[in-house]
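[1] Sequence and predicted structure are below.
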Amino acid sequence: MYDLSDPRYARQLTLRGFGPAAQDKLATGRVLIVGAGGLGSPAASYLAAAGVGTISLVDTDVVDVTNLHRQLLYTTPDVGRAKLDVARERLYAINPQVVVHTHDTRLTAQNAAALVAGHDVVIDATDNFPARYAINDACLAHGVPFVYGSVARFDGQVSVFAAPGGPCYRCLFPEMPAPGTVPTCAEEGVLGVVPGVIGLHQATEAIKLLVGIGTPLVGQLLLVDLLAQDTQRIAVARRPDCPACSDVRTPSLPSMSIQHLDPTHVAALLASDDAPIIIDVREPWEYDLVHLPVSTLIPLSTLSARANELDPTRSYALLCHHGMRSEMAANWLLQHGFTRLINIDGGIDAWSMDVDQSLPRY
Ligand SMILES: [Zn+2]
């Protein structure tokens, strides 16, 4: 039974700008967390502790020993058990006043709408693109904002999509990357604390949305580089031609779109008469480690300020480490009048494997 006067909430009840009215909103709040892994563990733990009244978890995995360095809902004796079973026990142990629902299924385009329905906020704690796009579309359909988070290596990203007036995930990434073009945590590793930090950013955004305090990351993409302890916020605008959320929805993508090419194709283009100009949007320290001799360095964070150095009539191929930041850059340029854009899928890492093996990888 939810007890608003429970001393467990004392530090929130006395918090100026929060207090009993906010706690009451948490008590009636319903959050769907898709994925009970690296992001879902901290998000679910802290939302339960904060007193979010209903928490729904979606997952199908069992606890694996390789999860334990970052998924702190689970401990060594839990290896081999269903994550949902362990998570339910732990969340009730953290706070028996909240209600935990579990859904032993994978979120897909077919079941996403049914899972999202009845929730106030969705936390995207998935590790795959089909689920993320399905969450986006279902949240748009139900008018439910979702808190996006992703991690890789030492870096993470957070944003709030599908909030009223704000952009959706497809405004940022209209097209799903081809399978295998974006490495997973299993392939490239992740420092255990990184999903902890990002998952707590997501929990924070969920609380802000439920209670209506602060400024949620609507139209803002937070980029967190934990090695440098550097954070950047990039503005994400609604695309007037977004295939999912614009008023002029089209079943197919607009004719002006970004070409996705792998390094081998781009290398072939460079030798042709119609060679694109390669813009490397990584950070200077990465560029110093390895770069293509023909490339121009314009770090992503400086792109909006330096776009006037570029000619919208020319063809540009955007490059980064693995193809994510370059796609953001390409999308930004697309929204600002550039029409001949190529994303180099797989980034310089794929280039060093497939085109020029003398380039060091990092
Ligand atoms: Zn959109």
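    It's in.
[2] what about the residue lying closest to residue 169 once chain neighbours are set aside, how many neighbours?
    Sequence neighbours aside, residue 136 is the residue nearest to residue 169 in space, at 4.0 Å (criterion: CB to CB, 6 or more residues apart in numbering). C-betas here are computed from N, CA, C, even on glycine. Residues near residue 136, counting by other CB atoms under 10 Å, number 25.
[3] again with residue 360
    There are 9 residues near residue 360, going by other CB under 10 Å.
[4] What of residue 358?
    7.
[5] Now do the SS call for the residue nearest to residue 169.
    helix (DSSP: H, G, I helix; E, B strand; the rest coil).
[6] give the contact list for it.
    Applying CB atoms under 8 Å, 6 or more residues apart in numbering to residue 136 gives the contacts 146, 161, 162, 168, 169, 170, 244.
[7] So for it, what pLDDT did the model give?
    Looking at residue 136, its pLDDT is 96.
[8] again, but for residue 249
    Looking at residue 249, the pLDDT reads 48.
[9] separation between residue 283 and the ion?
    Separation of residue 283 from the ion (CB to the ion, to the nearest Å): 28 Å.
[10] how many other residues sit next to that residue?
    There are 19 residues near residue 283, going by other CB under 10 Å.
[11] Once you drop chain neighbours, what's closest to it?
    Closest to residue 283 by CB to CB, 6+ apart is residue 299, at 5.4 Å.
[12] Please enumerate the strands of the stretch 1-150 of the chain.
    Applying DSSP state E, counting those that start in this stretch to the stretch 1-150 of the chain gives strands spanning 30-34, 54-58, 99-103, 121-124, 146-152.
[13] which helices and strands does the second one pack with?
    If I follow you right, that is strand 54-58. strand 30-34, helix 40-50, helix 83-94, strand 99-103 (3 or more CB pairs under 8 Å, 6 or more residues apart in numbering; DSSP states H and E).
[14] Let me have these in CSV, extended by mean pLDDT and mean neighbour count.
    CSV is the format used below for those (pLDDT from 0 to 100; neighbours: other CB atoms under 10 Å):
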stretch, mean pLDDT, mean neighbour count
strand 30-34, 98, 26
helix 40-50, 98, 25
helix 83-94, 98, 19
strand 99-103, 98, 17
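[15] And those: which comes nearest residue 216?
    When these are compared by CB to CB, strand 30-34 sits nearest residue 216, at 13.9 Å.
[16] contacting residues around the residue lying closest to residue 73 once chain neighbours are set aside?
    Counting by CB to CB, 6+ apart, residue 41 is the residue found nearest to residue 73 once chain neighbours are left out, at 4.1 Å. When contacts are counted by CB under 8 Å, 6+ apart, residue 41 touches 70, 71, 72, 73, 74, 87, 195, 196, 199.
[17] can you put those in a markdown table and add distance to the ion?
    Listed next are the contacts of residue 41 as a markdown table, based on distance: CB to the ion, whole Å:
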| residue | distance to the ion |
| --- | --- |
| 70 | 30 |
| 71 | 31 |
| 72 | 34 |
| 73 | 32 |
| 74 | 35 |
| 87 | 31 |
| 195 | 26 |
| 196 | 29 |
| 199 | 24 |
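[18] Which ones among those residues lie within helices?
    Counting by DSSP state H, the members of the contacts of residue 41 that fall within helices are 87, 195, 196, 199.
[19] Tell me how many other residues crowd residue 280.
    Using other CB under 10 Å, residue 280 has 28 neighbouring residues.
[20] How about residue 69?
    13.
[21] Run through the residues of the chain sitting next to the ion.
    Residues of the chain found near the ion (CB under 5 Å from the ion) are 168, 170, 171, 242, 244, 245.
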